[in-house]
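>>> Predicted structure and sequence below. I'll ask about it afterward.
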Amino acid sequence: MSVDTVKSAQRVIEVLMVFARHKTPLTQSELLDATQYPQSSMTALLKTLTTSGLLHYNGYTRQYFPTMLVKDLGGWIKDPTPEAEWITRIMSELREYCGETVALGVQNDTIIMYLRSFQSDHIVRYHVRPGEQRSLLDSSMGWILLSRLDKRKIEQIYRRSSFESRSNAGNLDSFLAEMERVREQDHCFISNIPPKAGTVSMLLPARFNGAPLVIGVGGFIDRVEPRKQEFLEKMRELINVHAPKDLT
């Protein structure tokens, strides 16, 4: 598979994600502003997506919009997490209590993928979108997932990810020591990853496609750090109340 083919596939996904964020018809100019693609590439991409039936083009308004085919392509997928309802309750109540962004994540190779999020209303906030991904090394939620792996696997992921990580993971020995520290507790808190943010995270007694799920509360470090213990206690309380007893 050529590099151009991979790039084209990535651009298809990114264009559809722009529509998912805006939830409204968009012109080519608006899509160009959102993606910063070359105009010639966007023109060819939109023509292909329209011809394939994934986008509808209104010649009067010059706007594009995804068709039902986009919805139908994934309509057969059922939520692989049967615990989704109680997890949603935990996330909702945690967001209401803490006032900060609450996210649900899962390991996806060397990255963490956010499956759901309840956004904070604060102007300065920790913002994540469902489907967003980042290095496991760049997230408190990623650290707690890493800490549950064996040493050899942690080393492999560290070596593959550290050169592109924005965190201060340090050298391998110091990072392994951090993983030991996190492994000894039921939570993880890291400050300034990303910069000026702090996230308290904890594993949930549930899995997504066989992989452990993690929940996190994140926000501006000056708000989160003084309340991290309070947030942890609330997370434990909500898990105890809402998680099925045969899982806890």
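On my side now, so go ahead.

>>> Please give the element, helix or strand, for the residue nearest to the spatial centre of the chain.
Closest to where the C-alpha atoms of the chain average out (C-alpha atoms, centre = their mean) is residue 114, at 2.1 Å. In the assignment (DSSP states H and E), residue 114 maps to strand 111-118.

>>> Any regions of this protein where pLDDT drops low?
Counting by pLDDT under 70, the low-confidence segments of the chain come to 1-6, 77-83, 124, 164-169, 248.

>>> rerun that using 50 as the cut-off
Where the chain drops to pLDDT under 50, the residues are 1-3, 82.

>>> Can I get the top strand by length along it as CSV, trimmed to CA atoms?
Longest strand in the chain by number of residues (criterion: DSSP state E): strand 197-208. Extracted in CSV, the C-alpha atoms of strand 197-208 (Å, rounded to 0.1, in the frame of the first residue of the first chain):
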residue,chain,number,x,y,z
ALA,A,197,-3.5,20.1,33.2
GLY,A,198,-3.9,17.4,35.7
THR,A,199,-5.9,14.1,35.5
VAL,A,200,-7.0,11.6,38.1
SER,A,201,-7.6,8.2,36.6
MET,A,202,-8.8,4.8,37.8
LEU,A,203,-9.5,1.4,36.2
LEU,A,204,-13.1,0.3,35.8
PRO,A,205,-14.2,-3.3,36.4
ALA,A,206,-15.1,-3.5,32.7
ARG,A,207,-13.6,-4.2,29.3
PHE,A,208,-14.0,-3.0,25.8
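
>>> Now do the strand holding residue 114 against strand 197-208, angle only.
For strand 111-118 against strand 197-208, the angle by axes from the mean of the first three to the mean of the last three C-alpha atoms, to 10 degrees is 100 degrees.

>>> helices or strands up against the helix or strand following strand 111-118?
Of the helices and strands lying after strand 111-118 in sequence (DSSP H and E), the nearest is strand 133-135. If contacts are counted by 3 or more C-beta pairs under 8 Å, 6 or more residues apart in numbering; DSSP states H and E, strand 133-135 sits against strand 111-118. (Each C-beta comes from the backbone N, C-alpha and C, glycine too.)

>>> at 10 Å what do you get?
strand 101-108, strand 111-118, helix 140-147, helix 151-161 (3 or more C-beta pairs under 10 Å, 6 or more residues apart in numbering; DSSP states H and E).

>>> Going by neighbour count, list what's buried in that strand.
By 16 or more other C-beta atoms under 10 Å, the buried positions in strand 133-135 come out as 134, 135.

>>> so how far is residue 19 from residue 8?
As judged by C-beta to C-beta, to the nearest Å, residue 8 and residue 19 stand 17 Å apart.

>>> Looking at those two, which one has more neighbours?
A count of neighbours by other C-beta atoms under 10 Å puts residue 19 above the other of residue 8 and residue 19, at 18 against 14.

>>> where's the more buried one relative to residue 42, distance?
Taken as C-beta to C-beta, the span from residue 19 to residue 42 is 14 Å.

>>> now do residue 129
Distance from residue 129 to residue 42, by C-beta to C-beta: 22 Å.

>>> ok, the two, which is more surrounded?
Neighbour count, other C-beta under 10 Å: between residue 129 and residue 42, residue 42 has more, with 18 against 13.

>>> what helix or strand is that one on?
helix 39-51.

>>> May I see the buried residues of that helix?
42, 45, 46, 49.
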